[in-house]
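J.: below: sequence and its predicted model.
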Amino acid sequence: MSKIKRPRRSKPSESITEREAPGFMTPSSSVCGTAPTGTDGRWTLDLSSNLWQMEGIRPGQGVKEGFHLHLGEHCSSTFNWNGAEVPGDVYTDLWRAGEIDDPHFGRNGMKAKWAMEREWWYRCKFKVPESQRGRSFRLVFDGVDYACEVWLNGKFLGRHEGMFSPFEFEVGALLYVGDEGDNGVVVKLDPPPRSYREVCGRKFGWHGDYWRTLTPMGIWKPIRLVATGPAYLADVYPLSKINDDGSATVSVQVQVAAGKKLLGKKAKVLAVIRGANCETGLHTAEASITKLKADNTLTLIFKIPDAKLWWPWDLGTPNLHHVEVVVSGPDGTAWDEKTTRFGIREIRMERNPGYTEDEVMYSWTPVINGKRTFYRSGNWGGPPDIFYGRNSADKYSKLVALAKESNLNNLRIFGWHPTEVDLFYDLCDEAGITVWQDLLPIASINLPRDQKFRDATYAEAIACLKTLRRHPCLVLLEGGEESFYGNEGLEYNVEFIVGLEDAIRPYTNLPYIPTSPLNWPPLLHEMGVGKPKDSGHTHKMFYTIGALMLEEEVPTWDYAAIPEFAVSSAPNVESIHKFIPADEVWPPGPSWGHHWADLDIFRALNFQILGDQCTDSLERFVEASQINQGTIFQWGIEHVRRRKPKTSAISICHFITFAPDFKWGIVDYFQDKKRSFDFVRRAYQPVLVSLEFSKRRWLPGETFAGRVWVVNDRHETFANCVLKTTIRDEDSGRVLHEQSDRIKSVKSNASEHHLDCEWKVTKGAAKGFRVEFVLLNTSGRELSANHYIVLRGDQARAKLACESLSAELRAHKSKFPCADYYRFFPKMSGPQRAQSGGDSPDKADGFTTGGATRHS
């Protein structure tokens, strides 16, 4: 069975600092100061724990059975409900309880679909201490997926739909305090949606070409009981402006909500800014509210001299600050207090040089704190697990650290995946990794054309944005993913996505791009949105099943930005054994197909990149798939980076995946690096020595020729550098050629061709050769190291062989109109299918335990 590291278990916790409360998804921007006593400040009870209970029942039956009631019985009808954990998800709770087998293992997920036909009830008990009597209470939900109804102590509080928008209820009149007894909160989850079109934007897509079975559902973010005085801080939003003298102006927008008894009365707001991970001193501002309204908004202005700025990690230090805000009454009693972490930084976009307005419409070059930046990006592909209950702080921390290790300075949350938990953005803030955020998961869909849907989606976007906008890592918003594909419904989709910017603009000054890609269809450009070279998705190597040669396809890419560049690979051998049944591991059984292994694409790309389909053993096949993914990524990334500043961003698709699969990701589901990780790490070095060459196969006697570039993303010039070049036999490592060249200057934030490399290919390279570069600065410190594997062979013959294999595989696929893996398995799709279902699983055609298909 799959070996999963479970989240830390915890009891409900009384806390005055929500960051300190148990539950890895607890927000970090809520409370400051010391523990409140009596009626001062904010008191928080975090209900994150594994002491919840859950039960499923036919839709509509739960209320009839009294599931919503809180009767205080010691041995009630809920006594034997399953244990459950919040935050979490229904499937993980069912797996723990033994009602389903691990849905990630084999094809078990297909057997758990019954869970989607039920409504699921969650309940827990909690106490409110006597010290909080007389205060105002709110029951706050940070996120429930997807639709729910809530009761407290048997009283119906309300209904909510939308997984990304927080919601809350005033509950002071319903609570038992002190010795009055336990309180009981009950949440009923509706059966999950089955049609993505009807909920897109308020729930992420659970279909597509890398998830197959179960619609996620659950209480995926924390629930908290919050006690304050009669007024509370509904929102705190710091905005920064950097001044020419090195100071910064920080405008802190504060929203104060007041109860009816306070209307017309006075209040005071005090705010303090201090360094969170840097020394900045204390900066104080205050304001008065002379007549409280139900909703009050004010702005406090700070002038911070010699400001410590937040920078992406490759440009500087990601300095962070806290702003601590207190709202108090005329007598000085603190009604509420809230700490918000933020960074002082500015972001704007500039046009990419080299393009006309007929070629590119939008500005794609990010300028952070006045410095032009290139986004070395990866589509995040998360969360770490599509089943929220299997996520943990450790997983998030490890994966964000791996992103930085791979030299990414940007992660894109794209429209097939959910907006992340607050911890993710906190970690990116701390690591100095910028985030390109598809604000809502609106992906590849003909949107419903009714005003109710539009209003609800826009409201979800605003609510989501208000939870994210404090994070300095957030640098670019996008309205949707592949939202303008095709002509069907295009006009309305454009109106909807362009209108989304108008809806959110009062709440943010962040740059906004409507969708990606924008290079197609032509009708889109006739409507005045995007141009042919704005942005493109470069997936053809993958989706044409290797019909295009890498060396010929990549040079055609001419876009200001590439938001997606996709190639798949198998996970590591050790990982495969964790989620594929032993009798299906090799040759591949149907569980490979269920987990999105496109065996034909693997074979075709192995053949093109390595000259061998590598189908004779599991180890060789896995290694080959990862090398072909890495090689294709390296070629594409380096091509785009050499074009700097004409192109200013490329994002591989993906960095991780949220389930064990054979698809995207350079880090597999079990947080293990694939071989392709190192190719990307090299290609994404901030200072990169890059070789441009025309083909990957050379024959003895030919003169290997390439152009050597240095790409420098740092705002620093390196003078008097030395470039060392070594060519080795790939098998033996024997040195075939060496040379050393002086580079007078590597310019700041630039890409430049410095010299040419030539070498006559000898017979000593039996299978191929390895070209290595090391760039040293004037003191001998390594600035960049890179290498390439070049094959010995005839390029023209190889192209014909690749085209022939691709045509054969595409012809076979054309017989199966849907994206189905049955075509790989004769008992599932061929003449033998009527006899399938025996004791042994079907095996994929073309895979053996000996022999391999090669070409020269």
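T.: Yes, it's here.

J.: list the contacts for Tyr396?
T.: The neighbourhood of Tyr396, defined by CB atoms under 8 Å, 6 or more residues apart in numbering, consists of Phe24, Pro384, Val421, Leu423, Phe424, Leu427. For every residue, glycine as well, the C-beta is placed using N, CA and C.

J.: Gly158 too?
T.: Glu149, Val150, Phe167, Phe169.

J.: quick check: it vs Leu691, distance?
T.: 62 Å (CB to CB, to the nearest Å).

J.: okay, and the beta partners of Lys338?
T.: Using DSSP bridges, the beta-bridge partners of Lys338 come out as Val325.

J.: any low-confidence regions in the protein?
T.: Applying pLDDT under 70 to the chain flags the ranges 1-39, 72-76, 765, 819, 830-839, 850-856.

J.: and Gly354, that's in a helix?
T.: No - the assignment for Gly354, made by DSSP: H, G, I helix; E, B strand; the rest coil, is coil rather than a helix.

J.: so it sits against Lys646, correct?
T.: Yes - in terms of CB atoms under 8 Å, Gly354 counts as a neighbour of Lys646; the distance is 4.0 Å.

J.: more neighbours, those two?
T.: Lys646 (19 against 14; other CB atoms under 10 Å).

J.: and Glu180, how far from Pro230?
T.: Where Pro230 is concerned, Glu180 sits at a distance of 21 Å (CB to CB).

J.: tell me which of the two has more neighbours.
T.: When Glu180 and Pro230 are compared for neighbours, Pro230 comes out ahead with 21 against 12, by other CB under 10 Å.

J.: ok, now how distant is that one from Ala267?
T.: Applying CB to CB to Pro230 and Ala267 gives a distance of 10 Å.

J.: and for those two, which residues touch both?
T.: Contacts common to Pro230 and Ala267, judged by CB under 8 Å, 6+ apart, are Ala258, Gly329, Trp335.

J.: now, these that are in strands?
T.: Using DSSP state E, Ala258, Trp335 are the members of those that sit in strands.

J.: among the shared contacts of Pro230 and Ala267, who's most crowded?
T.: Trp335 (26 neighbours).

J.: find the nearest non-adjacent residue to that one, please.
T.: Gly229 (2.9 Å; CB to CB, 6 or more residues apart in numbering).

J.: spatially central residue in the protein, please.
T.: Nearest residue to the geometric centre of the chain (CA atoms, centre = their mean): Trp380, 3.2 Å.

J.: isn't that one up against His654?
T.: Yes - counting by CB under 8 Å, His654 is a contact partner of Trp380 at 6.8 Å.

J.: give me the number of residues near the closest residue to Arg58 other than its chain neighbours?
T.: Using CB to CB, 6+ apart and skipping residues adjacent in sequence, the residue nearest Arg58 is Arg118, 6.6 Å away. Arg118 has 19 neighbours, counted by other CB under 10 Å.

J.: do the same with the one 5 residues further on
T.: Counted with other CB under 10 Å, the neighbours of Arg123 add up to 21.

J.: next one: Pro59
T.: Pro59: 12 surrounding residues under other CB under 10 Å.

J.: that one - that's part of a helix, no?
T.: No - read with three-state DSSP, Pro59 is coil and lies in no helix.

J.: how about it, what does it touch?
T.: Glu117, Arg118, Glu119, Asp190, Pro191.

J.: do that again at 7 Å, thanks
T.: Arg118, Glu119, Pro191 (CB atoms under 7 Å, 6 or more residues apart in numbering).

J.: export these to TSV and tack on distance to Thr340?
T.: TSV is the format used below for the contacts of Pro59 (distance: CB to CB, whole Å):
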residue	distance to Thr340
Arg118	40
Glu119	37
Pro191	37
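
J.: where do the strands sit along the stretch 351-500 of the chain?
T.: Per DSSP state E, counting those that start in this stretch, the stretch 351-500 of the chain carries strands over the ranges 365-368, 371-372, 375-379, 410-413, 434-438, 474-478.

J.: mind checking which of these is nearest Trp592?
T.: Ranking those by proximity to Trp592 (CB to CB) places strand 375-379 first, at 23.1 Å.

J.: nearest residue to the residue of the chain most remote from its centre in space, please, no chain neighbours.
T.: Relative to the centre of the chain, the most outlying C-alpha is that of Gly701, 47.9 Å out, by CA atoms, centre = their mean. Computed as CB to CB, 6+ apart, the closest residue to Gly701 that is not its neighbour in sequence is Val761, at 6.6 Å.

J.: and that neighbour, how far from Gly706?
T.: Counting by CB to CB - Val761 and Gly706 are separated by 12 Å.

J.: kindly report the same for Pro383.
T.: 41 Å.

J.: could you do Glu168 as well?
T.: Taking CB to CB, one finds Glu168 at 61 Å from Gly706.

J.: do the same with Leu500
T.: 45 Å.

J.: which of these two has more neighbours?
T.: Using other CB under 10 Å as the criterion, Leu500 and Gly706 rank with Leu500 on top: 27 against 19.

J.: need the contact list for that one.
T.: Tyr458, Ala461, Gly479.

J.: of the residues you listed, grab the buried ones for PyMOL.
T.: Command for PyMOL that selects the buried part of the contacts of Leu500, burial taken from 16 or more other CB atoms under 10 Å:
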select buried, resi 458+461+479
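
J.: which of the contacts of Leu500 sits closest to Thr299?
T.: Nearest member of the contacts of Leu500 to Thr299, counting by CB to CB, is Ala461, at 23.3 Å.

J.: which SS class is Phe169?
T.: On the three-state scheme (three-state DSSP), Phe169 is labelled strand.

J.: next up, the contacts around it.
T.: Neighbours of Phe169 in contact, by CB under 7 Å, 6+ apart: Arg138, Leu139, Val150, Leu157, Gly158.

J.: in the stretch 351-500 of the chain, which spans are helices?
T.: 393-405, 422-431, 451-468, 490-504 (DSSP state H, counting those that start in this stretch).

J.: so for Gln61, which of the ones you listed sits nearest?
T.: Across the helices of the stretch 351-500 of the chain, Gln61 has its closest neighbour in helix 451-468 (27.3 Å, CB to CB).
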